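Q: got a predicted structure plus its sequence, pasted below:
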Amino acid sequence: MTELICIGCPRGCHLKVDEQNGYAVSGNNCPVGAEYGRNELTNPTRVLTSTVRITGAIHSCLPVKSSGPIRKALLMEAVKALKDVEVASPVHKGEVIVRDIAGSGQDMLASRDM
């Protein structure tokens, strides 16, 4: 039995996920909690936020984030892929900076105009 705190909403339900019983979830107050508990143990994902270098802008780093959740197993590979990325200003919020980062199916997007 694994205990988690749900992050699906501000309520923060204390979940118990029973791996021995088909990942049955208890302690949730809504279906979002049940889905979160099962997914967190079977296929955990995270949205990746980071920075890349930018030239010709006031700042030297451009904040970026993934277009959707990436499997936790791919996060370090995705971060390493960003290490050598450099873009030139101007860049607009939402612009694709890297396509299909680390084979995750998610793009890295600019988080602001620069």
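A: Thanks, I have the structure now.
Q: only C-alpha atoms from now on, for both contacts and neighbour counts.
A: Noted.
Q: buried residues of the longest helix belonging to the chain, list them for me.
A: Counting residues, the longest helix found in the chain (DSSP state H) is helix 31-42. Within helix 31-42, the residues that count as buried by 16 or more other C-alpha atoms under 10 Å are 33-38.
Q: format these as CSV; extra columns: pLDDT and distance to V91.
A: Formatted as CSV, the buried residues of helix 31-42 follow (pLDDT from 0 to 100; distance: C-alpha to C-alpha, whole Å):
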residue, pLDDT, distance to V91
G33, 93, 37
A34, 93, 39
E35, 92, 36
Y36, 93, 34
G37, 94, 37
R38, 94, 38
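Q: and those residues, which two are furthest apart?
A: The distance between the two most remote of these (C-alpha to C-alpha) is 8.6 Å, for G33 and R38.
Q: which one of the buried residues of helix 31-42 is nearest to L109?
A: Among the buried residues of helix 31-42, and counting by C-alpha to C-alpha, the member closest to L109 is Y36, at 24.8 Å.
Q: my guess is that closest one meets I5, correct?
A: No. At 9.6 Å, Y36 does not count as touching I5 under the criterion of C-alpha atoms under 8 Å.
Q: ok, back up a step: alpha carbons only: can I get the longest helix of the chain in PDB?
A: C-alpha atoms of helix 31-42 as PDB (Å, rounded to 0.1, in the frame of the first residue of the first chain):
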ATOM      1  CA  PRO A  31     -12.600  10.800  -9.500                       C
ATOM      2  CA  VAL A  32      -9.500  13.000 -10.200                       C
ATOM      3  CA  GLY A  33      -7.900  11.600  -7.100                       C
ATOM      4  CA  ALA A  34      -8.500   8.000  -8.100                       C
ATOM      5  CA  GLU A  35      -7.000   8.700 -11.500                       C
ATOM      6  CA  TYR A  36      -4.000  10.600 -10.100                       C
ATOM      7  CA  GLY A  37      -3.200   7.800  -7.600                       C
ATOM      8  CA  ARG A  38      -3.300   5.000 -10.300                       C
ATOM      9  CA  ASN A  39      -1.300   7.100 -12.700                       C
ATOM     10  CA  GLU A  40       1.300   8.100 -10.200                       C
ATOM     11  CA  LEU A  41       2.200   4.500  -9.500                       C
ATOM     12  CA  THR A  42       1.800   3.000 -13.000                       C
END
